[in-house]
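S.K.: Have a look at this fold, sequence not included:
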């Protein structure tokens, strides 16, 4: 909706794209199709490699409700919101640049340590499940089909996340791992590289 071009072909392609129907609910078939397409698109972006699918779904839901709220604004309200967003964007440019640099550094450290590109292993069904034991401990349930190397990779990611938290890391619950008997989901058999699966 923010397309800025005089190119007739780009305008035509943009107009042909599916968009939210804010006159109906998110569970309507049209909006469900838009949500599915957005998830496929976002999951294909390199920037989303480390973002859990649950968080991406939350972003999509928020986008729908933001578009719905925006559709109810008057012209004056839309212009005021646009100006406020412009000011906010200027303030966040530096923060976004730092985030992108951190992601690149993290990816570099992963490739340097493991010698592999791990961007294709971030599926929801690959992740461990957590079960809170007490206020201070949590059990991490690891699926038995995951290889030792893949488990080591996720442990290393946890280490990076903890180091990034600094002093706040002390607020995290202590974790201990338990392997649970679980077959790899059929939808992941062809997607996951051979080294990620235990023979």
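M.R.: Perfect, thanks for sending it. Values in this document were obtained by computation on a predicted structure and should not be read as measured data.
S.K.: The residue lying closest to residue 106 once chain neighbours are set aside - how many residues pack around it?
M.R.: Nearest residue to residue 106 in three dimensions, chain neighbours excluded: residue 160, at 6.2 Å (Cβ to Cβ, 6 or more residues apart in numbering). C-beta coordinates here come from the backbone N, C-alpha and C atoms, glycine included. Neighbour count of residue 160, defined by other Cβ atoms under 10 Å: 15.
S.K.: Give me the mean pLDDT for the helix or strand where residue 160 lies.
M.R.: Following DSSP states H and E, one finds residue 160 within helix 148-165. Here helix 148-165 scores 82 as its mean pLDDT.
S.K.: what's the helix or strand just after it in contact with?
M.R.: Counting by DSSP H and E, the next helix or strand C-terminal to helix 148-165 is strand 174-180. Residues outside strand 174-180 that contact it (Cβ atoms under 8 Å, 6 or more residues apart in numbering): 128, 136, 137, 138, 139, 140, 141, 142, 143, 144, 151, 158.
S.K.: pLDDT (mean, whole number) over strand 174-180?
M.R.: So the average pLDDT for strand 174-180 ends up being 85.
S.K.: quick one: which of the contacts of strand 174-180 is most hemmed in?
M.R.: residue 143 (20 neighbours).
S.K.: thinking that residue is in contact with residue 123, fair?
M.R.: No. Between residue 143 and residue 123 there is no contact under Cβ atoms under 8 Å: 11.6 Å.
S.K.: can you give me the helices for the protein?
M.R.: Secondary structure of the chain (DSSP state H): helices located at 8-16, 29-43, 53-71, 75-114, 148-165, 186-189.
S.K.: looking at the ones you listed, which has the lowest confidence?
M.R.: Among the helices of the chain, helix 75-114 scores lowest, at a mean of 69.
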